[in-house]
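Trainee: I would like to see how this sequence folds:
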Amino acid sequence: MPTIALLNQSGEKIKDLELSASIFGIEEINQQVVYDVVNCQRAAMRQGTHDTKGRSEVRGGGRKPWRQKGTGRARQGSTRAPQWVGGGVVFGPTPRSYSFKLNKKVKQLGLKNVLSYKVKENQLIAVEAIKFEEIKTKNFVKFLADIKAEGKTMVVCSPEELTAEAVLSASNIAGCFLAPVNNASVYEILCFKNLVLTQGAIAYYEEELK
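Mentor: Prediction:
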């Protein structure tokens with residue numbers, strides 16, 4: 001069972017926290033599962049609003065450009081056929097959703113693998129809780145410095161800890177992202193070097209992913 005130091009908001013160690021081995025202690029990371037989950041999440045992020053006009057949607061072309069026979073030219077039915085300049089596009093992209101279904105257990109396994117990877121690489125920082133009384137960026141910067149979170153950092157907390165003071169204090173910090181535990185994706189976690197979890201977020205994962 002992996003253990004990690006639990007820090008307070010000032011960066012002082014409170015105790016050693018035991019983590020669930022099935023969630024934070026997977027030895028062999030399944031890269032294929034992580035890839036599938038990230039691919040699914042990135043596909044769902046695509047807007048899919050691209051659109052081209054087919055020959056039935058392009059304006060004009062109602063009259064036959066010349067008669068069928070006797071001109072020596074190839075027969076044509078419309079100036080909006082795909083081979084004409086200004087004509088419709090053949091098999092062009094149309095609005096659609098790129099999202100696809102992935103089994104719930106596969107999504108959970110992908111999250112477990114990423115959390116275990118962060119523990120394995122010493123990129124996981126456990127904090128007892130976060131609480132900010134006022135909206136000040138320097139307070140959040142000090143918090144990151146105290147817990148020694150250097151570089152791009154994602155802070156995941158319980159929904160109760162995601163107050164307006166915390167969100168607005170972190171919003172102007174480059175390379176920092178604050179997210180509720182029930183909305184943190186595998187793709188987002190992998191985008192950041194450090195992962196900071198509050199004790200409430202750890203408890204949520206151990207309850208939901210067991």
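
Trainee: helix/strand/coil for A5?
Mentor: strand (DSSP: H, G, I helix; E, B strand; the rest coil).

Trainee: Also V90?
Mentor: coil.

Trainee: what about it, neighbour count?
Mentor: By other C-beta atoms under 10 Å, the residues close to V90 number 11. All C-beta spots, glycine's among them, are computed from the backbone N, C-alpha and C.

Trainee: go on, the one 5 residues further on?
Mentor: Residues contacting P95 under the criterion other C-beta under 10 Å number 9.

Trainee: Secondary structure element holding it?
Mentor: Assigned by DSSP states H and E, P95 falls within no helix or strand.

Trainee: was I right about it contacting R46?
Mentor: No - in this structure P95 lies outside contact range of R46 using C-beta atoms under 8 Å: 11.2 Å.

Trainee: between the longest helix anywhere in the chain and strand 3-7, what angle do the directions make?
Mentor: Scanning the chain for the helix with the most residues, using DSSP state H, yields helix 104-120. Going by axes from the mean of the first three to the mean of the last three C-alpha atoms, to 10 degrees, helix 104-120 is angled at 80 degrees with respect to strand 3-7.

Trainee: Which secondary structure elements does helix 104-120 sit against?
Mentor: With contacts taken as 3 or more C-beta pairs under 8 Å, 6 or more residues apart in numbering; DSSP states H and E, helix 104-120 sits against helix 21-24, helix 31-45, helix 186-191, helix 199-208.

Trainee: so for the helix or strand that that helix is followed by, what's the average pLDDT?
Mentor: Counting by DSSP H and E, the element after helix 104-120 in chain order, helix or strand, is strand 124-127. Summarised as a single mean, pLDDT over strand 124-127 is 96.

Trainee: If you count contacts, what does whichever helix or strand comes after strand 124-127 end up packed against?
Mentor: Counting by DSSP H and E, the next helix or strand C-terminal to strand 124-127 is helix 137-146. Helices and strands in packing contact with helix 137-146 are listed as helix 164-170; criterion 3+ C-beta pairs under 8 Å, 6+ apart.

Trainee: burial measure for the closest residue to I135 other than its chain neighbours, as a count.
Mentor: Spatial nearest neighbour of I135, chain neighbours left out: L168 (4.6 Å); criterion: C-beta to C-beta, 6 or more residues apart in numbering. Residues lying near L168 (other C-beta under 10 Å) number 16.

Trainee: Format the helices and strands packed on helix 104-120 as CSV; extra columns: mean neighbour count.
Mentor: Formatted as CSV, the entries for the helices and strands packed on helix 104-120 read as follows, by neighbours: other C-beta atoms under 10 Å:
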stretch, mean neighbour count
helix 21-24, 18
helix 31-45, 15
helix 186-191, 17
helix 199-208, 17
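
Trainee: No further questions, thank you.
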